[in-house]
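In: Below are the sequence and a predicted model for it; my questions follow.
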Amino acid sequence: MKNILLILCLTFSVSQIFGQKIKILTNHLGYELEGSKKAVIEAYQADEIKNCYIRFYNDDKKAATVKPIEVGKIDQWKNWYFWTINFSSMNQEGKFYIECETERGVVHSFPFLIQKNILERHTISDIVSYFKEQRCVGQNEKADRKMTFAEGRKDTIDVHGGWQDATGDYGKHLSHLSFTSFFVPQQIQMVIYSLCKSYEMLNKRNDDNFTQFKKRMIDEILYGADYLVRVKNPKGSFYRSVSAPGPGKKPEDRRLAPAMTGFRIKMGKSDTIAPAALAKGINKKFLYEVCYREGGGIAIASLAMASQLNVYGDFPSNVYLKYAEDAFQYLESNNLLLTNDGKENIIDDYCALAAATELYKATKKNIYKKAADKRAVSLLDRLVSWKNYTNYWRADDGDRPFFHASDEGFPIVSLIYYLHICDNNTRQKVLDAVKKSLEFNLSITSEVPNAFGYARQLVQHKDGKRNSSFFFPHDTETEPWWQGEDARLASLACAARLAIPYFNSDKDFTKKLENYANDQLDWILGLNPFDVCMLYGVGHNNPEYMFFGSYQYTNIPGGISNGITAGLNNEHDIDFDIPYSVTGKDYDWRWTEQWLPHDSWFLMAVSAGD
């Protein structure tokens, strides 16, 4: 039996004779037993790829022969040239590697698994552990028990608990891009929402293997729900952020802040940072609180779901539900005042829809059913077309395309959960809209050569120009904020997986959805041009986070990094982890920093499997 490490070393030395490697890229973990299975060969146009074989890792016996399919160049991604290998027909568990014959010699992949419930088995526990590791504890927790306001108010509040936002950000945020209208992400509350939904989905699968996972999920759900109770203004909405400013991240510098600092620059004349209420001379307290889209909606939904568990944390279940209902009542009357621009948009719709849906499920009060119906109608009205792009979501009152670095799948997810409470007439309209939206996603993803099946998007730049794109643009209203979008990919995978059971009669469509979902998760787990597994502790080449060349902020096992972006200087190119020594700027975080939303969406996507 050959030693696989020796094979790999010999393979790489053969390709290095020619100056550049030929790589066989796979999901570093492996593939679901009955699911789609794909690898990608990354080489150069002059290369010739011949036959490929799937071999057993233990004895090198041939398991299958697969013909590589030439795809070619992808946009302007370096000088790479790609082929795909599809081995979905393999339905035998085991450990394997891929071998390909080229004119340079034989090339091998790293070994991978084919296994039933492979993602659930090897990722859920790590992700839940990551959340627990991100808890705000110690001296920071002590400081948060007597939190002061950034604007000099003398009163203090207890906001201890919650999860620190990212590798290099010890702050706690419901949303950190509140100065924008269309790009606000769901952060701390998304962790709770994901845990609640994942717990619910795993429960329905009735598999004893998930028993201990679910217990640990409940611990994190209650920890998060308790935090939402503490950051709820008894007479208003939820407080947005606890900031952790300064390079020292000192506990004594922590403040309750109106928004994350550091990105409030290069704002256009029409952009506003503060809530619309301030422009109208209304109480300054609005500066600290969130509207539906800035975290309020998903916080309400999370508290409503947490109230239905048969256990509770520091606060009883009826307090979770009361705070959710109080916040909903308040935002129904004041949401516009809390927005940055005095207008609602698609994010308000899907966040408020999620809130009303979960409140109705928890209380059966018709007021929430009516609110959910109203938001669903508004959301369904947002499918529009522009040029040859049909049935994309519009973000505003016109036809501005909705694209998002972390939550792009949420419109579909909110509608699918609304199906649980809507009437029969509305149900078909929702399903029609969900299918149209997913068909748009499939269409735009396949409109250009795309060996990886990376989810493409219709984007709009600050100057109003639009184009289809692989990655989040650098010149949006969030500028200079842009980063890798592993949360976005996982959210779209989650949306596709949740939709599949509703379209089982259309086998071709559901097969496309399965492939689409798997492509996004495969990319996160290493099947990408940089051969990097973004889930720390799984696979190889895990991203290491550097801060101005220092490794003082270290990534944590179970955390998922931001991910790959468009090229630093050419948005048709592709880049990852260009170090400070090259850029001279604090850019490392754009690619390698771990962030709560990535794990939140990935956990939901995995739990939505079957």
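Out: That came in fine, so what should we check first? Numbers count the residues shown, from 1 in each chain.
In: Report the buried residues of stretch 112-129.
Out: Across stretch 112-129, burial judged by 16 or more other C-beta atoms under 10 Å covers 112-115, 117-120, 122-124, 126-129. In short, each C-beta sits where N, CA and C put it, glycine included.
In: Among these, name the ones in strands.
Out: 112-115 (DSSP state E).
In: just to revisit the earlier point, ok, the buried residues of stretch 112-129 vs T363, which is closest?
Out: V128 (28.5 Å; C-beta to C-beta).
In: so where does the closest residue to the closest one other than its chain neighbours fall, helix or strand?
Out: Nearest non-adjacent residue to V128, counting by C-beta to C-beta, 6 or more residues apart in numbering: R216, 4.9 Å away. Taking DSSP states H and E as the criterion, R216 maps to helix 211-230.
In: helix or strand right after that helix?
Out: According to DSSP H and E, the helix or strand after helix 211-230 is strand 241-243.
In: Remind me what that following strand packs against, helices and strands.
Out: Contacts defined by 3 or more C-beta pairs under 8 Å, 6 or more residues apart in numbering; DSSP states H and E place strand 241-243 against strand 172-173, strand 255-257.
In: what's near enough to touch the residue nearest to V128?
Out: 125, 128-129, 132 (C-beta atoms under 8 Å, 6 or more residues apart in numbering).
In: Pick the one among those residues closest to W591.
Out: For the contacts of R216, the minimum distance to W591 (C-beta to C-beta) is 23.1 Å, reached by S129.
In: What's the per-residue pLDDT of that closest one here?
Out: What the model reports as pLDDT for S129 is 98.
In: Equivalent analysis for E151, please.
Out: Reading off the model, E151 has pLDDT 76.
In: again, but for S15
Out: pLDDT for S15: 40.
In: picking that back up, now that we have the contacts of R216, can you turn them into a markdown table and tack on distance to F576?
Out: Formatted as a markdown table, the contacts of R216 follow (distance: C-beta to C-beta, whole Å):
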| residue | distance to F576 |
| --- | --- |
| S125 | 27 |
| V128 | 27 |
| S129 | 25 |
| K132 | 28 |
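In: Identify the farthest-apart pair in those.
Out: The largest separation in the contacts of R216, counting by C-beta to C-beta, is between S125 and K132 at 10.8 Å.
In: quick one: pLDDT of the residue minimising distance to the centre of the chain?
Out: In the chain, the centroid-proximal residue (C-alpha atoms, centre = their mean) is A487; its distance is 1.6 Å. Listed pLDDT for A487 reads 98.
In: In which helix or strand does it reside?
Out: Going by DSSP H and E, A487 is in helix 486-499.
In: ok, then the element right after that helix?
Out: Downstream of helix 486-499, the first helix or strand assigned by DSSP H and E is helix 507-524.
In: what about that following helix, average pLDDT?
Out: On average, helix 507-524 scores 98.
In: continuing past it, what's the next helix or strand?
Out: strand 565-566.
In: quick one, helices of the stretch 151-300 of the chain?
Out: Ranges of helices within the stretch 151-300 of the chain are 188-205, 211-230, 276-279, 297-306, based on DSSP state H, counting those that start in this stretch.
In: Between helix 211-230 and the first one, find me the angle.
Out: In this case it means helix 188-205. Here helix 188-205 points in a direction 150 degrees away from that of helix 211-230 (axes from the mean of the first three to the mean of the last three C-alpha atoms, to 10 degrees).
In: per the record, what domains does the chain have?
Out: Per automatic domain parsing, the structural domains of the chain span 4-115, 118-607.
In: Confidence-wise, which of those is weakest overall?
Out: Of all the domains of the chain, domain 4-115 has the smallest average pLDDT, which comes to a mean of 88.
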